[in-house]
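Asker: Provide a 3D model corresponding to the input given below.
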Amino acid sequence: MSTPERSGPEASGPETSGPEASGPEASGRLAEQLLRLTRRLQRAQKRHMEPLGITPAQARLLRTVAHHDGLPRMADLAERLEVVPRAVTSLVDALEAHGSVRRAPDPSNRRVVRIELTETGQSTLRALRDARRAAAEDVLAPLTDQQRDALGDLLDSLSGPPGSRC
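Answerer: Next up is the predicted model:
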């Protein structure tokens, strides 16, 4: 006698209905599901970004430069990305070779280098945004509009107020 095959989020873990569905066991299960979903989304994004010739780390740096008030210094980028300055140098080198950013001297301190987006960088950001949306669509395809709205509401609850996100 065979058991029916389970699909969906409950397929990967033990049954969690009833009183044992809450508490640490349920939280652990949810954490695992969120991690799996995050990895799946990252793989999908990487697949969609590949044709752009940009790595996920480079994409993150581009977004950080674009959202910084003014032209960031290399140290600003390292702090914001929580990486060592050498890692930012490597990322900037690659993005500069790609034509997406350029180094610009700071007018008030010639020892400081600022990073600015180029027109190519702006168009790359638009393409990255499209790639991220396509990756999300791949992952969310099985959900109805109503389920997507519910998931969005739940994720908003978990991420806190807009100003508190990391």
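
Asker: Can you list the strands that the host helix or strand of residue 103 pairs with?
Answerer: Using DSSP states H and E, the element containing residue 103 is strand 101-106. Strands that pair with strand 101-106, judged by DSSP bridges, come out as strand 109-117 (antiparallel).

Asker: which residues of this structure score low on pLDDT?
Answerer: Across the chain, the ranges flagged by pLDDT under 70 are 1-22, 161-166.

Asker: Check which helices and strands the longest helix along it sits against.
Answerer: Using DSSP state H, we find that the single longest helix of the chain is helix 24-49. Packed against helix 24-49 by the contact rule (3 or more CB pairs under 8 Å, 6 or more residues apart in numbering; DSSP states H and E) you find helix 56-67, helix 119-140. From N, CA and C alone the C-beta is placed, and that goes for glycine too.

Asker: Redo these as a markdown table? Include mean neighbour count.
Answerer: Compiled in a markdown table, the helices and strands packed on helix 24-49 are given as follows (neighbours: other CB atoms under 10 Å):
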| stretch | mean neighbour count |
| --- | --- |
| helix 56-67 | 18 |
| helix 119-140 | 15 |
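
Asker: Dump those helices to CSV, plus distance to residue 153.
Answerer: Listed next are the helices and strands packed on helix 24-49 as CSV, based on distance: least, CB to CB, whole Å:
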stretch, distance to residue 153
helix 56-67, 25
helix 119-140, 14
